[in-house]
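A.B. asks: sequence? don't have it. structure:
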Ligand SMILES: [Zn+2]
Ligand SMILES: [Zn+2]
């Protein structure tokens with residue numbers, strides 16, 4: 001399957017080529033680093049193989065920082081409109097990208113398979129049924 005995505009102003013556009021939807025793992029993450037980075041009460045990303053992802057337009061701005069538990073995280077976003085496009089931990093930089101699901105042109109194409117850091121879930125936020133739940137670590 002071929003999916004496309006972009007930032008809000010479309011200066012950045014990308015293409016995602018997956019053998020099947022099973023190659024992507026969409027998950028919610030309730031950790032404090034995701035809350036800050038996404039500006040919401042959870043982060044929503046799809047983990048995909050690095051080789052499936054390609055920018056087709058523009059060049060992202062990158063921010064590199066510690067996620068608070070000693071892992072260096074890379075985050076890429078549009079330097080014009082500020083949209084957050086993807087992130088990845090330094091240890092998996094040659095293997096995976098975690099794409100912000102809302103940046104896909106059809107975000108519903110990759111529904112969630114699990115939730116991470118459920119211990120930090122907002123009290124008002126219900127659990128998603130039928131997916132895995134982990135109290136902490138996002139692998
Ligand atoms: Zn943009
Ligand atoms: Zn997180």
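C.D. replies: On my side now, so go ahead. These numbers come from a predicted model, not from an experiment. Ligands and ions are numbered 1, 2, ... in the order given.
A.B. asks: which non-adjacent residue is nearest the residue nearest the centre of the chain?
C.D. replies: For the chain, the residue sitting closest to the mean C-alpha position, by CA atoms, centre = their mean, is residue 45 at 2.6 Å. Nearest residue to residue 45, sequence neighbours excluded (CB to CB, 6 or more residues apart in numbering): residue 98, at 3.9 Å. Heads up, the C-betas are built off the backbone N, CA and C, glycines and all.
A.B. asks: likewise for residue 89?
C.D. replies: Per CB to CB, 6+ apart, closest to residue 89 is residue 71, 5.1 Å.
A.B. asks: count of neighbours near that neighbour?
C.D. replies: Counted with other CB atoms under 10 Å, the neighbours of residue 71 add up to 14.
A.B. asks: where do the helices sit along the chain?
C.D. replies: 32-38 (DSSP state H).
A.B. asks: ok, back up a step: distance of the residue nearest to the centre of the chain from residue 104?
C.D. replies: 11 Å (CB to CB, to the nearest Å).
A.B. asks: check residue 75 too.
C.D. replies: 17 Å.
A.B. asks: same thing with residue 7?
C.D. replies: 12 Å.
A.B. asks: the more surrounded of these two?
C.D. replies: Set residue 7 next to residue 104 and count neighbours by other CB under 10 Å: residue 7 wins out with 24 against 20.
A.B. asks: and that one, backbone torsions?
C.D. replies: Main-chain dihedrals, residue 7, degrees, to the nearest 10: phi -80, psi 180.
A.B. asks: next one: the one 5 residues further on
C.D. replies: Comment: the main-chain dihedrals of residue 12 come out as phi -110, psi 130, following degrees, to the nearest 10.
A.B. asks: excluding its backbone neighbours, what's nearest it?
C.D. replies: Per CB to CB, 6+ apart, closest to residue 12 is residue 58, 4.0 Å.
A.B. asks: that neighbour contacts residue 5, correct?
C.D. replies: No - between residue 58 and residue 5 there is no contact under CB atoms under 8 Å: 12.0 Å.
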